[in-house]
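Engineer: Sequence and predicted structure, then a few things I'm wondering about:
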Amino acid sequence: MNEFEIIDKYFSKLTKNNRGSFNLKDDIFYDYNKKIAISVDTYIDKIHFMGFRNPNLVIKKCLRSSLSDLICKGVNPKYYFIASAGNSKHFTKINLSKISKALKSEQKKFSIKLSGGDTTYCNTLSFTFVVIGYSTTLPVLRNGAKLNDDIYITNTVGDAFLGLYIIKKNKKILNHKYFVNSFYLPNIPYKFGKKMHLFANAAIDISDGLFQDINHLMENSKLTCDLDLNKIPISIKLAKYLKVNNKNKKLFISKGDDYQILFTANKNKRNLIKRIAKKTNTLITKIGITKKLNFKKNHKNQGYLHKFK
């Protein structure tokens, strides 16, 4: 069983009469009365990051990935909490100093505040982040896509997967530092994300892979879609790597860790989206349209899933 099957079978029923949980089919909880949105994410060594040689980069990746859950919904993050587990080799004075400086830098960049947490001993290194934000309007959920909506993606995808490959294999390739940084330091479109409520019907951040995450949108909205794979944006550096090494673009765009925003919007929002994208200096690409088609048959089981025996 994968994580979504476990949630659906064992835990969704526990959220009855708790409408802000969205039956655990989204990445956030929303308190309709207090206008508070909350997300929780856990990151484990050798699964979500590869070792702890660069603690400053690891902690930035974990925090940005957690903020992304709220940002893609149009929610403005304000506070975060960290629960960490590790041993004395992980939490040396040098590493703790690097973590502290990295968090201070991220707090300034995203205007957020550390507000609590917990630390415990364990030989397996892990971090859990809780992020809290405010939204006077209902966050943009996964289930709001409408028939014939345009489908958009912010910036580019695929660089992070190549970065992860380089880290795992300890490879040295052209622009390797750029790709490694793309994995550790996702370029979250937070300024654009603040405006999501003005135009988006449904949204999700691309963490598990483009096809896996668009499938979440379509299933929750009871729709399917047509995608133009040729329009899915990749960086010039990745395009060059694919050409030189004769690699398949589809593999790289489907593996996740991009943390870009995938969203749908009505056609009458096109000009508004272009204006906001220009104002926030965000690349926006229309990659498809929602349809009454069987999407699953075309893009089944692509992307990352946490699986349990």
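Structural biologist: That came through, no problem.
Engineer: which other residues reach stretch 283-295?
Structural biologist: Contacts with stretch 283-295, where a contact means CB atoms under 8 Å, 6 or more residues apart in numbering, come from 145-156, 192, 214-215, 218, 221, 223-228, 231-233, 264, 273-274, 277. Just so you know, the C-beta spots here come from the backbone N, C-alpha and C atoms, and that holds for glycine as well.
Engineer: which stretches of the stretch 151-300 of the chain form strands?
Structural biologist: Ranges of strands in the stretch 151-300 of the chain, per DSSP state E, counting those that start in this stretch, are 200-205, 224-227, 261-265, 284-291.
Engineer: Buried ones in the second one, by neighbour count?
Structural biologist: If I follow you right, that is strand 224-227. 224-225, 227 (16 or more other CB atoms under 10 Å).
Engineer: ditto for stretch 12-20
Structural biologist: Those would be 15, 20, for stretch 12-20 by 16+ other CB under 10 Å.
Engineer: Just the endpoints, please. Distance across it?
Structural biologist: Stretch 12-20 has an end-to-end distance of 12 Å (criterion: CA to CA, to the nearest Å).
Engineer: Listing request: residues of this protein with sub-threshold pLDDT.
Structural biologist: Along the chain, the parts satisfying pLDDT under 70 run over 293-309.
Engineer: Show me how the record splits it into domains.
Structural biologist: Domain segmentation of the chain under automatic domain parsing yields 13-134, 150-298.
Engineer: quick one: the last one to chain centroid distance?
Structural biologist: With CA atoms, centre = their mean, to the nearest Å as the basis, domain 150-298 stands 10 Å off its chain's centre.
Engineer: The stretch 1-150 of the chain: strands as residue ranges?
Structural biologist: Under DSSP E, counting those that start in this stretch, the stretch 1-150 of the chain gives strands at 29-31, 36-44, 76-86, 113-121, 126-134, 150-154.
Engineer: so which of those is the most packed in?
Structural biologist: strand 150-154 (a mean of 24; mean count of other CB atoms under 10 Å).
Engineer: Of the strands of the stretch 1-150 of the chain, which is nearest Lys171?
Structural biologist: Nearest to Lys171 among the strands of the stretch 1-150 of the chain is strand 36-44 (23.0 Å), distances taken as CB to CB.
Engineer: What pairs with the closest one, parallel or antiparallel?
Structural biologist: strand 29-31 (antiparallel), strand 126-134 (antiparallel) (DSSP bridges).
Engineer: can I get those in a markdown table with distance to Ser68?
Structural biologist: A markdown table is the format used below for those (distance: least, CB to CB, whole Å):
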| stretch | distance to Ser68 |
| --- | --- |
| strand 29-31 | 16 |
| strand 126-134 | 9 |
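Engineer: so which of these comes closest to Ala203?
Structural biologist: That would be strand 29-31 among those, by CB to CB, at 13.6 Å.
Engineer: ok, back up a step: of all the buried residues of strand 224-227, which comes closest to Ser88?
Structural biologist: Nearest member of the buried residues of strand 224-227 to Ser88, counting by CB to CB, is Leu227, at 48.5 Å.
Engineer: ok, which stretches of the stretch 1-150 of the chain are helices?
Structural biologist: 3-6, 55-71, 93-110 (DSSP state H, counting those that start in this stretch).
Engineer: Could you list every helix and strand in contact with the last one?
Structural biologist: For helix 93-110, the elements it packs on are helix 55-71, strand 113-121, judged by 3 or more CB pairs under 8 Å, 6 or more residues apart in numbering; DSSP states H and E.
Engineer: chain center to the shortest one: distance?
Structural biologist: Yep, that's strand 113-121 we're talking about. 22 Å.
Engineer: residues in contact with that strand?
Structural biologist: With CB under 8 Å, 6+ apart, strand 113-121 has contacts from 78-87, 91, 103, 107, 132.
Engineer: wait, which of these is closest to Thr42?
Structural biologist: So of these, ranked by how close each gets to Thr42 (CB to CB), first place is Ala83, at 8.5 Å.
Engineer: does that closest one have beta-bridge partners, and which?
Structural biologist: Bridge pairing for Ala83 - DSSP bridges - gives Asp118, Thr128.
Engineer: Next up, the contacts around it.
Structural biologist: So Ala83 contacts 117-120, 127-130 (CB under 8 Å, 6+ apart).
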